[in-house]
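Colleague: Sequence first, predicted model second:
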Amino acid sequence: MKIKKVAALLILFFVCVFSFAQGGKKLDKIIKRDYTIIEGTISKISDKTVEYSLPGETLLIVLNVSQIARIDFASGRSQTFDVSQGSSSAPSSGSGYVAATEIKQNTIAVLPVPFLNSDSQQSSEEMAKFAQNDMYNKLLDKSGNIAPLTVQDLRTTNSLLSKAGIDYRNIDSTPIEDLEKILGVDNIVAAKVSFTIGTGTTATTYNSGNAKVSDNNKKVTTNDYSTTTANNQQYYYYTVYFDMYKNATKIYSQTRKPFLAVKDSWMESVQYLLKRSPIYVKK
């Protein structure tokens, strides 16, 4: 009887150890291009698909490699996937989210414009889109001056960037060669606006008075009054960074500070830099 109890305890011990080992088993991590993370066990990787099973299941799930940015294996090894390299199972030294598009020659794309408050280090999504749209419209207005270049439609640009997980917040950290592959263009215009806001006070004085006049039209007494009004005014100090690329090579780079410290003075600087860029030809 005692032997049976010992045997039962041993069996229970091994069951617990096995269960703990299974529960503590490290899993592979699949990081998709939309930043979704899937944990499971990968059983097979081919040029086009990855097969894996979820924890506690034996059913194999097939995932297209075009949806995968990176795999972190339980062993500690990582593998990135770049669909532009032809063989998706090969590790990539790129950003891990490049989705190649056929390059259209003599096409220029306008990137989102980071709009950064240098004091607070806060970026404005609204102003980033507004500045991008402003630059896009300026290029369209001068389409005759930038021939043979054509401007990529802004909706197309932003849609392709969004699918790749890129926006105004991480556009600066994305290599230009990757952006050209994603957007399918051989020319890119990239700008950035940083600013600080200052305040000043102006004073305005108003004078008024009343005079009493005698019968012979001679002024006898005068009561003068003056009122001073203080007005607070904001001043915007901008720095515009402006770059142009062709076939991933920087062909133009300028920095300009507007002369006037008013709210929209950065727009004048963008206009100035566009007209002096190498793609602009006076006609």
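Modeller: Noted; the coordinates are in hand.
Colleague: Might you calculate how far stretch 244-254 sits from the centre of the chain?
Modeller: 19 Å (C-alpha atoms, centre = their mean, to the nearest Å).
Colleague: Mean confidence (pLDDT) on it, please.
Modeller: Summarised as a single mean, pLDDT over stretch 244-254 is 91.
Colleague: Can you list the buried residues in it?
Modeller: Met244, Tyr245, Lys246, Tyr252 (16 or more other C-beta atoms under 10 Å). Quick note: C-beta positions are derived from backbone N, CA and C, even for glycine.
Colleague: Out of these, name the ones that lie in strands.
Modeller: Among the buried residues of stretch 244-254, the members falling in strands (DSSP state E) are Met244, Tyr245, Lys246, Tyr252.
Colleague: In a markdown table: the buried residues of stretch 244-254, plus distance to Ile108.
Modeller: Shown next, in a markdown table, are the buried residues of stretch 244-254 (distance: C-beta to C-beta, whole Å):
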| residue | distance to Ile108 |
| --- | --- |
| Met244 | 8 |
| Tyr245 | 9 |
| Lys246 | 9 |
| Tyr252 | 12 |
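Colleague: Going by distance to Asp141, which of the residues you listed wins?
Modeller: Closest approach to Asp141 among the buried residues of stretch 244-254 (C-beta to C-beta): Met244, at 17.4 Å.
Colleague: the strands in the stretch 101-250 of the chain, which residues?
Modeller: With DSSP state E, counting those that start in this stretch as the criterion, the stretch 101-250 of the chain has strands at 104-110, 115-117, 122-123, 150-151, 185-213, 219-246, 249-256.
Colleague: From the contact counts, what lies against the second one?
Modeller: Spelled out, it's strand 115-117. strand 122-123, helix 125-141, strand 185-213 (3 or more C-beta pairs under 8 Å, 6 or more residues apart in numbering; DSSP states H and E).
Colleague: Ok, the third one next?
Modeller: Secondary structure elements in contact with strand 122-123, counted by 3+ C-beta pairs under 8 Å, 6+ apart, are strand 115-117.
Colleague: contact partners of the strand it packs on?
Modeller: Identification of contacts with strand 115-117 by C-beta atoms under 8 Å, 6 or more residues apart in numbering yields 122-124, 127-128, 130-131, 168, 192-197.
Colleague: now Glu180: how far from Lys129?
Modeller: 21 Å (C-beta to C-beta, to the nearest Å).
Colleague: Looking at these two, which is more packed in?
Modeller: Set side by side, Glu180 and Lys129 give different neighbour counts by other C-beta atoms under 10 Å, the larger being at Glu180 (23 against 17).
Colleague: wait, doesn't the more buried one sit right on Ile103?
Modeller: Yes - applying C-beta atoms under 8 Å as the test, Glu180 and Ile103 come out as touching, 6.9 Å apart.
Colleague: Overlap of the contact sets of these two?
Modeller: Asp186.
Colleague: ok, back up a step: which one of the buried residues of stretch 244-254 is nearest to Leu160?
Modeller: Out of the buried residues of stretch 244-254, the member with the shortest distance to Leu160 (by C-beta to C-beta) is Tyr245, at 16.4 Å.
Colleague: Tell me how many other residues crowd Lys25.
Modeller: 10.
Colleague: What's the per-residue pLDDT of it here?
Modeller: On the pLDDT scale, Lys25 gets 72.
Colleague: what's the answer for Thr107, then?
Modeller: For Thr107, pLDDT reads 94.
Colleague: quick one: secondary structure of Lys263?
Modeller: When classified by DSSP: H, G, I helix; E, B strand; the rest coil, Lys263 comes out as coil.
Colleague: nearest residue to it other than its sequence neighbours?
Modeller: Spatial nearest neighbour of Lys263, chain neighbours left out: Tyr236 (5.3 Å); criterion: C-beta to C-beta, 6 or more residues apart in numbering.
Colleague: just for this protein, where's the confidence low?
Modeller: Residue ranges of the chain with pLDDT under 70: 1-24, 34-35, 82-100, 200-230.
Colleague: need the contact list for the residue nearest the centre of it.
Modeller: The chain has Tyr168 as the residue nearest its centroid, 2.2 Å off, counting by C-alpha atoms, centre = their mean. Neighbouring residues of Tyr168 by C-beta under 8 Å, 6+ apart: Pro112, Val113, Pro114, Phe115, Ser123, Glu125, Ala128, Lys129.
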